[in-house]
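Student: predicted model follows, preceded by the sequence.
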Amino acid sequence: MKNIIMNSRRLHDEPYRIEKVFRPADYTWQGDWEGRALLAFNCHYEMTGEEIPCMHQMMAQMEEKTNEHGFLGPLFDGVTVNEQQVSGHNWYVRGLIKYAKNFNSELALKLLKSTIENLYQPILPWFDQYPLEREKGIGGVSGTNAKVLNGWQTSSDIGCAYMSVDGLAKYYQLTKDQTTRKLLDKVIETFVATDFVKYGFQTHTTLTCIRGILTMYEATGEEKYLSIVKEKFALYIRHGMTLTYENFNWFGREDTWTEPCAVVDSLILATELYKITNDREYLTLARRIWFNGLQFCQRDHGGAGPNTCITETQRTLKVSMYEAPFCCTMRYAEGLLEYKQNEALFSWDEKAEVVTDEKGRRFVDDKLLVEYQGKLVPIFSCNTFLSKEEVMAVQVTV
């Protein structure tokens with residue numbers, strides 16, 4: 001598949017080679033780049049059997065690059081929780097779990113266990129005092145450290161600490177560690193009680209957390225988790241999704257940009273909820289996210305980046321940032337894996353009749369009709385363009 005080949009090619013480039021993949025000591029998202037890279041490499045291995053060289057090279061150097069407890073950045077001092085370190089290590093945990101499963105790696109399991117016990121277990125009780133009242137309107141595509149509040153070194157990506165529910169749930173699914181589950185359930189309880197729309201959470205972290213709760217349903221079969229997922233995902237669809245099935249970067253900030261990482265999360269949630277519930281509304285949603293949202297995020301060199309947010313008043317779809325190499329290019333691989341594993345659900349009938357939905361959008365078998373260069377056509381993949389310099393603008397007919 002073209003999308004997979006292109007993304008693999010990009011992941012062979014300099015930013016993802018062993019010389020650059022480990023971030024410098026002053027990087028403020030400890031564990032994030034390294035974890036997303038390791039996860040992406042493993043996703044491509046699962047899709048095609050390809051072993052991108054940096055994947056094994058990373059593991060060979062991991063103990064040298066991490067602290068005495070096997071994770072990146074400073075140890076917890078018992079006084080201030082570093083929100084971006086907590087968030088970033090979600091992807092480190094996810095990458096280690098994938099590597100441990102794919103290559104039967106004792107080292108990955110060792111690093112994983114130590115990270116959970118020495119980074120996460122000490123800080124999970126601090127979610128009881130997680131600061132919700134934040135200064136809004138700050139932060140760029142890559143979040144930054146903000147004020148220290150309630151013992152938290154907060155991030156402009158409001159709510160990003162809850163990203164960790166994803167990796168912790170995968171860890172519980174793998175190990176059935178009851179200490180982790182007890183603490184994780186407490187974190188989930190605080191998330192459920194939080195009005196993340198009101199407080200302007202980042203949509204990516206919200207969806208990643210919801211995916212973690214879905215993992216807990218898959219690991220336990222307990223319906224309470226599935227009910228939470230359905231309820232919270234519905235809130236995202238209502239308040240966080242653009243008219244082209246991408247996302248607003250934060251709830252309540254429709255004038256910002258989309259983020260492929262979040263679009264990947266929404267694709268996984270919609271697809272897996274369809275498989276669990278057999279509710280065809282989730283299938284339609286998954287297909288529309290793939291055709292109209294996620295494919296427009298990939299660029300001509302295989303990476304991925306944000307686009308403009310399409311709303312009732314802002315109709316022009318164009319590239320907002322050519323690439324977000326520090327996150328979206330790597331997470332795009334997990335979206336491709338979800339597509340690949342469920343490919344039969346995403347066939348497209350170009351001869352289907354045009355249908356119009358309640359918002360006035362017109363579709364040809366779940367592909368939006370858009371106006372481009374004076375013609376009305378089904379939406380296309382952004383990677384069809386030949387160069388970075390191409391000006392890409394699409395007038396969406398809604």
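Tutor: That came through, no problem. Residues are numbered from 1 along each chain as shown.
Student: going by C-alpha atoms from here, please, whenever you check contacts or count neighbours.
Tutor: Will do.
Student: for the protein, just list every one of the helices.
Tutor: All helices of the chain, identified by DSSP state H, fall at 2-11, 18-21, 32-48, 53-65, 83-103, 106-115, 121-123, 164-175, 178-192, 203-220, 223-239, 260-277, 280-288, 328-341.
Student: what's near enough to touch the residue nearest the centre of the chain?
Tutor: Among the residues of the chain, the smallest C-alpha distance to the mean C-alpha position (CA atoms, centre = their mean) belongs to residue 261, namely 3.5 Å. For residue 261, the contacting residues are 204, 327, 328, 331, 332, by CA atoms under 8 Å, 6 or more residues apart in numbering.
Student: please repeat the previous calculation with a cut-off of 7 Å.
Tutor: Residues in contact with residue 261, defined by CA atoms under 7 Å, 6 or more residues apart in numbering, are 204, 328, 331, 332.
Student: out of everything not next to it in sequence, what's closest to the first one?
Tutor: So the one you mean is residue 204. Computed as CA to CA, 6 or more residues apart in numbering, the closest residue to residue 204 that is not its neighbour in sequence is residue 262, at 4.2 Å.
Student: pLDDT score assigned to the one you found?
Tutor: Residue 262 carries a pLDDT score of 98 in this model.
Student: lowest-scoring secondary structure element of this structure by mean pLDDT?
Tutor: Lowest by mean pLDDT, DSSP states H and E among the helices and strands of the chain is strand 393-396, with a mean of 54.
Student: in stretch 162-181, what counts as buried?
Tutor: Residues of stretch 162-181 classed as buried by neighbour count (16 or more other CA atoms under 10 Å): 162-173, 180-181.
Student: ok, now which ones touch the closest residue to residue 353 other than its chain neighbours?
Tutor: With CA to CA, 6+ apart as the criterion, residue 353 has its nearest non-adjacent residue at 6.2 Å, and that residue is residue 364. By CA under 7 Å, 6+ apart, the contact list for residue 364 reads 350, 352, 353, 354, 355, 378.
Student: nearest to residue 291 among those?
Tutor: Comparing these against residue 291 with CA to CA places residue 378 closest, at 9.5 Å.
Student: wait, that closest one touches residue 371, no?
Tutor: No. The pair formed by residue 378 and residue 371 falls short of the contact definition of CA atoms under 7 Å, at 8.5 Å.
Student: coming back round to it: distance of the residue nearest to the centre of the chain from residue 26?
Tutor: Summarising the geometry, the distance separating residue 261 from residue 26, computed by CA to CA, to the nearest Å, is 24 Å.
Student: also residue 49?
Tutor: When distances are taken as CA to CA, residue 49 and residue 26 turn out to be 35 Å apart.
Student: try residue 147
Tutor: Residue 147 sits 18 Å away from residue 26, going by CA to CA.
Student: the more surrounded of those two?
Tutor: More neighbours surround residue 147 than the other of residue 147 and residue 26, with 12 against 8 (other CA atoms under 10 Å).
Student: next one: the more buried one from residue 252, what distance?
Tutor: The spacing between residue 147 and residue 252, counted by CA to CA, is 21 Å.
Student: likewise for residue 36?
Tutor: For residue 36, the distance to residue 252 (CA to CA) stands at 27 Å.
Student: okay, those two: which has more neighbours?
Tutor: Between residue 36 and residue 252, counted using other CA under 10 Å, residue 36 has the larger neighbour count: 28 against 18.
Student: do you know the pLDDT at that one?
Tutor: 98.
Student: not counting residues beside it along the chain, what's closest to it?
Tutor: Counting by CA to CA, 6+ apart, residue 36 lies nearest to residue 91, which is 5.3 Å off, once chain neighbours are set aside.
Student: for that neighbour, what are its contacts?
Tutor: The contact partners of residue 91, taken as CA under 7 Å, 6+ apart, are 32, 35, 36, 167.
Student: from those, which single one is nearest residue 13?
Tutor: The shortest gap between residue 13 and any of these belongs to residue 36, at 15.0 Å (CA to CA).
Student: ok, which pair from the buried residues of stretch 162-181 is furthest apart?
Tutor: With distances taken as CA to CA, the most widely separated pair in the buried residues of stretch 162-181 is 162 and 173, at 17.7 Å.
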